[in-house]
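> Sequence first, predicted model second:
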Amino acid sequence: MTTELSSTTLDDLLDRARKDYEALAGRGLSLDLTRGKPAPAQLDLSDDLLSLPGGRRSAADGTDVRNYGGLQGLAELREIFSGVLQVPVAQLLAAGNSSLELMHDCLVHALLSRVPGADSRWVDQERIAFLCPVPGYDRHFALCERFGIDMIPVPMTGSGPDMDVVERLVAEDASVKGIWCVPKYSNPDGTCYSDETVARLAAMGTAAPDFRVFWDNAYAAHHLTDEQVEIADLLAACEAAGNPDRVFVFGSTSKITLAGAGVAFFGASAANVQWLLGNNAKRSIGPDKVNQLRHVLFLRDADGVRAHMERQRALLQPKFEAVQRILEAELGGTGLATWTHPKGGYFVSLEVADGCAKEVVRRAAGAGIVLTPAGATHPYGDDPRDALIRIAPSYPTLEELEQAILGLTACVRLVGYEQRST
Ligand code: PLP
């Protein structure tokens, strides 16, 4: 970062930042930028779901959706999402409303029943570790903590995790059983995995025969620009590389239709799908097929998903543009921060000077602006540089968001100039 201060002195800048912060704190704001939740206006786009399936009782194959059964989920819904998630229909499972729940269940099942290719259950092994590209998604890390799975941070690059590090760690240590990946418009930095990264993940040699890539494609259809990024197909690449069972694909309509009442998906090799279905058969007599039918009738086909996501984009894009505009106007050229320019997804990552992130979040809270806790983007909540802040622009109104980001920049200036003056 540069430390260019133009002709103004540091004292003047600090003085102005203090005054701005005092004015900010005096406004009695109550703004929340913590979680990537869809705004009510986004949920309104799916209001028709509330009156579907409108008396319809049967799926295309005649299944009575009101009854038990159909563990793999409705085929016609799987057809709609097969392309989006890059999983053949026969290898895709449509489940309940939460993909996080599926990730949780896959971990529990892998601990308690051997995944295809495993010599033993994970719970019977002395140590289990997962690679965690950082920055990453706090709920992935929380799952690892919950089940006593050690987390090994791996730095992100502009094209995905640093594959030299990943290849070395998976090759030398059989207790490394998995890696978390958000391959498109990653949470929180918006990174999209390059074709090379995907090819290397598929082909790399792993000491663990039962290594799994947890491929959380949560933002597969969530574009914010005309450049609709496509990523390479990891499931196909794994198959081609002779590692067909390596990947578990996850996705959901949480940020397509209704975050609390969507449909989640799991995709993998036939062996993995059988493994999950066998385990799921013990915990459920079938998913909510009425909701699945509702989604089929509402979205209709892959083009319907694309058209719906254009409507989502129309609501989200102005918010992301406002974040960029205000950050640039207030912090551009100060050398106090850098930030990401995502082409999709739900987040912007703001990087401040080392040692400042927690203090910025604290000051923002003091002025009524609640941010995701600093450190949440790292395993165990520990960002060793204390530099990263995740911004979630979706939920507040545009006006609230503009106030919050302006307030945040005042906090960054205050903390940054304070640090420089000590
Ligand atoms: N995965 C990622 C990367 C997310 O950012 C989120 C929500 O923010 C989820 C999963 C949650 O997905 P679901 O609502 O399907 O449980």
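Alright, I've got the coordinates.

> anything in the helix or strand hosting residue 111 near the ligand?
Under the criterion of DSSP states H and E, residue 111 resides in helix 99-112. Yes: using C-beta under 6 Å from any ligand atom, helix 99-112 reaches the ligand at 99, 100. (Each C-beta comes from the backbone N, C-alpha and C, glycine too.)

> mind listing what's buried in that helix?
Residues 99, 100, 102, 103, 104, 105, 106, 107, 108, 109, 110, 111 are the ones in helix 99-112 that count as buried (16 or more other C-beta atoms under 10 Å).

> same check, this time on stretch 407-420
Quick answer for stretch 407-420 (16+ other C-beta under 10 Å): 407, 408, 409, 410, 411, 412, 413, 414, 415, 416, 417.

> got it, and stretch 243-252?
Quick answer for stretch 243-252 (16+ other C-beta under 10 Å): 243, 244, 245, 246, 247, 248, 249, 250, 251, 252.

> Could you measure from the fifth one over to residue 260?
According to C-beta to C-beta, to the nearest Å, residue 247 stands 27 Å off from residue 260.

> and what of the second one?
If you measure residue 244 against residue 260 using C-beta to C-beta, the figure is 34 Å.

> Could you check the pLDDT of the closest residue to residue 330 other than its chain neighbours?
In this structure, residue 330 finds its nearest non-sequential neighbour in residue 409, 3.7 Å apart by C-beta to C-beta, 6 or more residues apart in numbering. On pLDDT, residue 409 comes in at 97.

> how about residue 409, phi and psi?
phi -70, psi -30 (degrees, to the nearest 10).

> which one of the buried residues of stretch 407-420 sits closest to the ligand?
Taking C-beta to the nearest ligand atom as the measure, the ligand sits nearest to residue 408 out of the buried residues of stretch 407-420, at 20.1 Å.

> what residues are up against the closest one?
33, 350, 360, 364, 369, 371, 389, 391 (C-beta atoms under 8 Å, 6 or more residues apart in numbering).

> which stretches of the stretch 1-150 of the chain form strands?
Applying DSSP state E, counting those that start in this stretch to the stretch 1-150 of the chain gives strands spanning 31-32, 92-94, 129-134, 150-157.

> and if you look at the stretch 151-300 of the chain?
Counting by DSSP E, counting those that start in this stretch, the strands of the stretch 151-300 of the chain are 160-161, 176-181, 212-216, 247-252, 264-267.

> Out of the ones you listed, which gets nearest to residue 90?
strand 264-267 (10.0 Å; C-beta to C-beta).

> Contacts for that closest one, please.
With C-beta under 8 Å, 6+ apart as the criterion, strand 264-267 contacts 73, 78, 81, 85-88, 91-99, 101-102, 106, 235, 248-254, 273, 276.

> Test my guess that residue 154 contacts residue 129.
No: between residue 154 and residue 129 there is no contact under C-beta atoms under 8 Å: 11.3 Å.

> When these two are compared, which one has more neighbours?
residue 154 (22 against 19; other C-beta atoms under 10 Å).

> quick one: the more buried one from residue 167, how far?
Residue 154 is 10 Å from residue 167, where distance means C-beta to C-beta.

> same check, this time on residue 373
In terms of C-beta to C-beta, residue 373 sits 32 Å off from residue 167.

> How about residue 363?
The gap separating residue 363 from residue 167 is 41 Å, by C-beta to C-beta.

> who's more crowded, those two?
When residue 363 is set against residue 167 and neighbours are counted by other C-beta under 10 Å, the residue ahead is residue 363, at 22 against 16.

> So what does residue 257 look like in phi/psi?
phi -110, psi -90.

> Count the neighbours of the residue nearest to it when sequence neighbours are not counted for me.
Closest residue to residue 257 apart from its sequence neighbours, by C-beta to C-beta, 6+ apart: residue 46 at 4.3 Å. Using other C-beta under 10 Å, residue 46 has 24 neighbouring residues.

> pretty sure residue 46 contacts residue 259?
No: applying C-beta under 8 Å, one finds residue 46 not in contact with residue 259, separated by 9.9 Å.

> Next one: the most centrally placed residue in the chain from residue 392, what distance?
Nearest to the geometric centre of the chain sits residue 187, at 3.9 Å (C-alpha atoms, centre = their mean). Distance of residue 187 to residue 392, computed by C-beta to C-beta: 9 Å.

> now do residue 318
With C-beta to C-beta as the criterion, residue 318 and residue 392 are 15 Å apart.

> So between these two, which is more surrounded?
More neighbours surround residue 392 than the other of residue 318 and residue 392, with 21 against 13 (other C-beta under 10 Å).

> Now do the contacts for that one.
Residue 392 touches 33, 34, 35, 36, 37, 346, 347, 372, counting by C-beta under 8 Å, 6+ apart.

> go again using 6 Å as the cut-off
33, 35, 36, 347 (C-beta atoms under 6 Å, 6 or more residues apart in numbering).

> Perfect, I'm done here.
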